[in-house]
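Novice: The sequence isn't on hand, but the structure is:
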């Protein structure tokens, strides 16, 4: 039996229980513990003996677990972003011609400058800075006016 195998056998349960206390998930704890021993094997020559071997292994486990969490967090953000994009596409598909016509009728009745600002932003796809410039106003004015127009349309739509 090699020296590292002895270390593995002796400390595996200790490191596993420590990792399990961090994550509260047996499968994740198992994966993190395996990764911990893999990393320890690769860097065993860096262990200088200034602390107990189990402390060194738990430090590797903690860092491995935190890295795992960061990867999962990043994956989750990406998935949420994809879901949001998909839901926006679904929403666009759900607005049928009749609803679109109702919105256009309400927009036609909307007072100025709300009607023009909303139209320029939504259909003209102009930035708020560009809209503000067209009216000789600020970007903030354009944002506020657009959002007020949107609120008025929502109120009338209901």
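Specialist: Noted; the coordinates are in hand. Since the structure is predicted, the reported quantities are computational estimates derived from the model, not experimental observations.
Novice: I'd like the domain boundaries of this protein, if you could list them.
Specialist: The chain resolves into domains spanning 1-81, 97-157 when parsed by the TED database.
Novice: Hmm, residue 56 is touching residue 47, no?
Specialist: Yes - counting by C-beta atoms under 8 Å, residue 56 touches residue 47, with 5.6 Å between them. All C-beta atoms are positioned from the backbone trio N, CA, C, and that covers glycine.
Novice: Quick check: neighbours shared by the two?
Specialist: The contact sets of residue 56 and residue 47 overlap at residue 40 (C-beta atoms under 8 Å, 6 or more residues apart in numbering).
Novice: Could you measure from residue 134 over to residue 119?
Specialist: 12 Å (C-beta to C-beta, to the nearest Å).
Novice: Residue 18 now?
Specialist: Residue 18 is 61 Å from residue 119, by C-beta to C-beta.
Novice: Looking at these two, which one has more neighbours?
Specialist: A direct count of neighbours by other C-beta atoms under 10 Å for residue 18 and residue 119 places residue 18 higher, at 20 against 16.
Novice: Provide a list of residue ranges in this protein with pLDDT below threshold.
Specialist: Counting by pLDDT under 70, the chain contains low-confidence ranges at 1, 79-100, 157-158.
Novice: cutoff 90 now
Specialist: For the chain, residues meeting the criterion pLDDT under 90 lie at 1-12, 14-16, 18-25, 27-29, 32-33, 37-38, 40-58, 60-61, 65-135, 137-158.
Novice: okay, now residue 15: neighbour count?
Specialist: The tally of other residues near residue 15 (other C-beta under 10 Å) stands at 23.
Novice: secondary structure element for residue 101?
Specialist: Residue 101 is part of helix 97-109 when elements are defined by DSSP states H and E.
Novice: right, and the helix or strand after that helix?
Specialist: That would be, after helix 97-109 and using DSSP H and E, helix 114-122.
Novice: which residues sit against stretch 58-76?
Specialist: 14-15, 18-19, 22-23, 28, 31-33, 35-36, 39-40.
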